[in-house]
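Chemist: I'd like to go over a predicted model; first the sequence, then the structure.
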Amino acid sequence: MALVSSYELIHKAWEQKKAIPAFNIHNLETIQAVIEGADELKSPVIIQTTPGTLKHAGIEYVAAIVKAAALKYDIPIALHMDHCPSFDTIVNCLRVGYTSVMIDGANCDYADNVELVRSVVKMAHAVNVQVEGEIGKIGGVEDDMFVNEADASFTIPEEAKQFVEDTGIDTLAVAIGTAHGMYKGEPKLDFERIEKIQSMINVPLVLHGASGVPDESVKRAIALGMAKINIATELKNPMAAAIKEVLANPDENDPRNYMGAAREAVKKVVKDKIRLCQTEGFAYEFGVVKK
Ligand code: 13P
């Protein structure tokens, strides 16, 4: 089917205390791994790109591959732009058919952040595209975005409420103890904070930095209102390991062999994460017919 808006996916998941898994992809094989994994489990899925991925792969290539892949399958697939600080890039995303975007004004002060996010919401909503915003600062590394522990700051519930009201965003990414990249120790999520924020706002929450978070913590966060779970690093690691294993043979030079192995390794994690988000079979609730 054609790409779908993530609005209905996330809202339906939110109502049922599930979450839509959102996977960061980098190339053809990672797109295939995510969509094949989702199709095998009949789960809706969000494919997402960072600005760094667009720089590497090119927005037209990414959009064309994801749209072609979506048409091949009958599960609901959304295409989302992750952590985008640039209004112009968001315009480009809308131009090529992204179905949701995250505008990241984390480097602005509150007033400028609100102004930037509002302008994106106005434009995106005009073409039925959903907008994710972030308040508080999630730590860690993603692309060339690096927030060290000292600069990371937890989301303040009252500020979250104000931010949602001031901007009109559809989903809110919150800083509650997770970070992008892998953790040195076990991450401690502030569940009370999630609960408090969710009790004060009426939009679904988004969990960033889900790689390396224990399954039980992710499940508890979903039960408290996290309806989109972002996963990047936990796909990159098995991909790199699979490629290294194949290339350990010095005579190996066939990209179909090492990238094929990478695709299988990524697909396995994708399926584990779909089960964690409790969306196996959820595609059937979006008009997908059982065969
Ligand atoms: P991880 O790399 O920790 O999975 O974070 C992904 C993410 O939050 C993307 O925005």
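Modeler: On my side now, so go ahead.

Chemist: can we go C-alpha only for contacts and neighbour counts from here?
Modeler: Noted.

Chemist: Quick one: mean pLDDT for stretch 108-116?
Modeler: The average pLDDT within stretch 108-116 is 94.

Chemist: Residues in contact with that stretch: which ones?
Modeler: If you take Cα atoms under 8 Å, 6 or more residues apart in numbering as the criterion, stretch 108-116 is touched by 87, 103, 105-107, 163, 166-167.

Chemist: Just among those residues, which is most surrounded?
Modeler: Greatest neighbour count in those, by other Cα atoms under 10 Å, goes to residue 103: 27 neighbours.

Chemist: can you give me phi and psi for the nearest residue to that residue once chain neighbours are set aside?
Modeler: Nearest residue to residue 103, sequence neighbours excluded (Cα to Cα, 6 or more residues apart in numbering): residue 84, at 5.0 Å. With angles defined as degrees, to the nearest 10, residue 84 sits at phi -100, psi 120.

Chemist: host element of the residue of the chain most remote from its centre?
Modeler: In the chain, residue 251 marks the outermost C-alpha relative to the chain mean, sitting 37.2 Å out by Cα atoms, centre = their mean. Assigned by DSSP states H and E, residue 251 belongs to no helix or strand.

Chemist: who are the neighbours in contact with the closest residue to the ligand within the stretch 1-150 of the chain?
Modeler: Nearest residue of the stretch 1-150 of the chain to the ligand: residue 82, at 5.8 Å (Cα to the nearest ligand atom). Residues in contact with residue 82 (Cα under 8 Å, 6+ apart) are 48-51, 101-103.

Chemist: And for residue 34?
Modeler: 23, 47, 266-267, 270.

Chemist: again, but for residue 3
Modeler: Contacts of residue 3 by Cα under 8 Å, 6+ apart are 67, 70-71, 76-79, 99.

Chemist: Surely residue 273 touches residue 21?
Modeler: Yes - Residue 273 is in contact with residue 21 according to Cα atoms under 8 Å; the separation is 7.1 Å.
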